[in-house]
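>>> what would the 3D arrangement of this be:
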Amino acid sequence: MPEPFFPLGASYYPPHHEPADWPRDVANMAAAGMNCIRSAELLASWDYIEKVRGAPDWSWLDALFDESHVRGVKILLGTGSCNPPIWLLDLYPDAQIIDREGRPFPTGTVWGWACRNHPGYRAEVERYLRLLLARYKDHPALWAWQIDNEPGFPFVTRRGEENPRLHDYNPHTAAAFRAWLEAKYGNLDALNVAWRWDCTHHQYSSWAQVQPPRSMPQEWGVVTAWLDWRTFLNENMAAFIGWQHALIKEHDREHPTMTNIFAPSGRDVEMALDVWRIADQADAIGYDLYPGIIREPGGKPHLHEAPEYISMFLDIGRSSAIHAGREFWLPELESGPINGWALGPDYTTTPQDITRY
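Below you'll find the predicted structure:
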């Protein structure tokens, strides 16, 4: 019996390297014992391939696939949905996530800036994913598909702000929330009773009057409205992953799908993640492990503040995989200084850290 395939590899993005180096880099990875490469999911993705709508440039990704095949290396290919090209706003100026203060989430920053419920964004994701499927589903180097990248609402706190810009108040998400509420409660009388926690107790006479809550319970907001909003966002985020999984399986039932999440980190609530629900949506659930990230501003890294963090993190990851009957993958593992960006790393890993991770 042949040995089962155990993936061990690295992320690699050809556009960030000189073309002359690509064959050497893949050869070096293979010589080091790596048998897979993850690419086109984030740092070079849809936005690098289709700079002009309808004119995709596959040259660098084709080269990576072909060179990997020669070296016996498999590809974990991203669906690109986390990084739509900037021309999406030319077609749909209202496609950005809107925070609870009514501000569009900025582009040119972290990924996932587009509203998952915007019909234009959905249509473009589907169109691009079908192009990927047609081009690579039968390539012998393809191993699996990564759906999105760390799905969730942007969790970066803007300078001068205490908390992240919670969730998405784009009108298309608000409309989806109203439909969810109508399915849950059936009629407005039931909603009026359930949302009776606020001092000025609104009596809704039309579903169109209902808006996602912007005040959290500790801000004198409606407790049940906030719970409904949080539950809807969890289900909606998971359904977004399941939707891409279903699109892939329409055309490719051979290669598995995976989505990767960054939790638990104290951010999962902000990002609208129900990790057990998300694990149900693909063939595998991946966890990205970064023990060196600081927990709170000025605090110590996880691995020093709580040495048990890594074990807890991996145990919860396994739990969600076992609960869903899925494989458990580790797509990202901290291997060097991260975070900080222009300000410098929060923590620079040592050889001992890597061994422990």
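
>>> low pLDDT regions in the protein?
Applying pLDDT under 70 to the chain flags the ranges 1-3, 155-157, 162-166, 263-270, 294-304, 339-345.

>>> and the top helix by length along it, what's buried?
The longest helix of the chain (DSSP state H) is helix 223-251. Within helix 223-251, the residues scored as buried using 16 or more other C-beta atoms under 10 Å are 224-226, 228-230, 232-234, 236-238, 240-245, 247-248. C-beta: built from backbone N, CA, C; applies to glycine.

>>> partner strands of the next helix or strand after it, parallel or antiparallel?
Counting by DSSP states H and E, the next helix or strand C-terminal to helix 223-251 is strand 257-261. Paired with strand 257-261 in the same sheet, following DSSP bridges, are strand 142-146 (parallel), strand 284-289 (parallel).

>>> how about a markdown table for these, with distance to Asp274 and mean neighbour count added?
Listed next are the strands paired with strand 257-261 as a markdown table, based on distance: least, C-beta to C-beta, whole Å; neighbours: other C-beta atoms under 10 Å:
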| stretch | distance to Asp274 | mean neighbour count |
| --- | --- | --- |
| strand 142-146 | 20 | 23 |
| strand 284-289 | 12 | 23 |
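
>>> could you dump the ones you listed into a markdown table and include distance to Pro331?
Output for the strands paired with strand 257-261, formatted as a markdown table (distance: least, C-beta to C-beta, whole Å):
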| stretch | distance to Pro331 |
| --- | --- |
| strand 142-146 | 7 |
| strand 284-289 | 4 |
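
>>> which parts of the protein are helices?
Using DSSP H, helices in the chain cover 22-31, 46-49, 59-71, 88-91, 119-136, 171-185, 188-194, 223-251, 275-279, 302-305, 309-324, 351-356.

>>> who are the packing partners of the fourth one?
So the one you mean is helix 88-91. helix 119-136 (3 or more C-beta pairs under 8 Å, 6 or more residues apart in numbering; DSSP states H and E).

>>> buried residues in the helix it packs on?
120-122, 124-125, 128-129, 131-133, 135-136.

>>> and it, how far from the chain's centre?
From the chain centre to the centre of helix 119-136 is a distance of 17 Å (C-alpha atoms, centre = their mean, to the nearest Å).

>>> before we move on, the earlier item: who wins for proximity to Lys184 among the strands paired with strand 257-261?
Using C-beta to C-beta as the measure, strand 284-289 is the one of the strands paired with strand 257-261 that comes nearest Lys184, at 26.6 Å.

>>> chain center to that closest one, what's the gap?
11 Å.

>>> likewise for stretch 10-18?
Worked out by C-alpha atoms, centre = their mean, stretch 10-18 lies 20 Å from the chain centre.

>>> what's in contact with it?
22, 25-26, 29, 34, 37-41, 43-44, 48, 60-61, 63-64, 332 (C-beta atoms under 8 Å, 6 or more residues apart in numbering).

>>> go on, stretch 114-121?
By C-beta under 8 Å, 6+ apart, stretch 114-121 touches 84, 88, 91-92, 94-98, 122, 168, 170, 172-173, 175-176, 236-237, 240.

>>> same question for stretch 239-258.
Here stretch 239-258 has contacts from 76, 79, 81, 116, 122, 125-126, 129-130, 133-134, 137, 142-148, 151, 259, 278, 280-286, 327, 329, 331, using C-beta under 8 Å, 6+ apart.

>>> repeat that for stretch 29-45.
Contacts of stretch 29-45 (C-beta under 8 Å, 6+ apart): 5-16, 26, 46, 48-49, 60-61, 64, 68, 71-80, 82-83, 111, 143, 146, 148-149, 331.

>>> show me the contacts for the residue most central in space within the chain.
Note on the chain: the residue nearest the mean C-alpha position is Pro151, at 2.0 Å, using C-alpha atoms, centre = their mean. Residues near Pro151 by C-beta under 8 Å, 6+ apart: 82, 112, 237, 240-241, 259, 261, 273, 278.
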